[in-house]
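Trainee: I need the structure of the sequence given here:
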Amino acid sequence: QVQLVESGGGLVQAGGSLRLSCAASRRTLSVYGMGWFRQAPGKEREFVAVITWSGSTSYADSVKGRFTISGDNAKNTVYLQMNSLKPEDTAVYYCAVHVGGLYYRAVSYDYWGQGTQVTVSS
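Mentor: This next block holds a predicted model:
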């Protein structure tokens, strides 16, 4: 079992930045990949970014060039730096552990956090 706790969400104006954190209860990043997903009201949960156990990263096209995922193995924590935020980035952001399968599919993940709300005003 792994518990994940996200933090760092909030209200920001368009063009602003936020940094999300996801703290795991035990060593995870050096063994598995960890990803970020988001879900806006009335929409399906969508892939945002992933960092693998080897440090490779992958991003959704909608956030590429604006978001950066990184990890700190010593702290068992994954970060999502979000710059140049847009109103369409408004959603609840979740982190999860990649346990196998395609990185961009939510079914490939287990041990989800409770989510943190990000709201971008225009």
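
Trainee: Excluding chain neighbours, what is closest to the spatially most central residue of the chain?
Mentor: In the chain, the C-alpha nearest the mean C-alpha coordinate belongs to W36, at 2.3 Å (CA atoms, centre = their mean). What sits nearest to W36 in space, not counting adjacent residues and going by CB to CB, 6 or more residues apart in numbering, is V48, at 4.2 Å. In this view, the C-beta of every residue, glycine as well, is placed from N, C-alpha and C.

Trainee: need the contact list for that neighbour.
Mentor: Contact criterion CB atoms under 8 Å, 6 or more residues apart in numbering gives 35-38, 59-60, 63, 67, 80, 93 as the residues in contact with V48.

Trainee: switch to 6 Å and redo it
Mentor: Counting by CB atoms under 6 Å, 6 or more residues apart in numbering, V48 touches 36-38, 60, 63.

Trainee: The residue nearest to the centre of the chain bridge partners, please.
Mentor: With beta bridges defined as DSSP bridges, W36 has these partners: A49, C95.

Trainee: L18 and M82 touch, don't they?
Mentor: Yes: between L18 and M82 a contact is recorded at 5.0 Å, counting by CB atoms under 6 Å.

Trainee: In terms of neighbours, single out the busier of the two.
Mentor: Neighbours per residue (other CB atoms under 10 Å) separate L18 from M82, with M82 holding more: 27 against 21.

Trainee: for the more buried one, what are its contacts?
Mentor: The contact partners of M82, taken as CB under 6 Å, 6+ apart, are 18, 67.

Trainee: cutoff 10 Å now
Mentor: Contacts for M82 were tallied using CB atoms under 10 Å, 6 or more residues apart in numbering; they are 8-9, 12, 16-20, 36, 48-49, 63, 66-69, 89, 93, 118, 120.

Trainee: swap in L102?
Mentor: 47, 108.

Trainee: same thing with A74?
Mentor: Residues in contact with A74 (CB under 10 Å, 6+ apart) are 27, 29-30.
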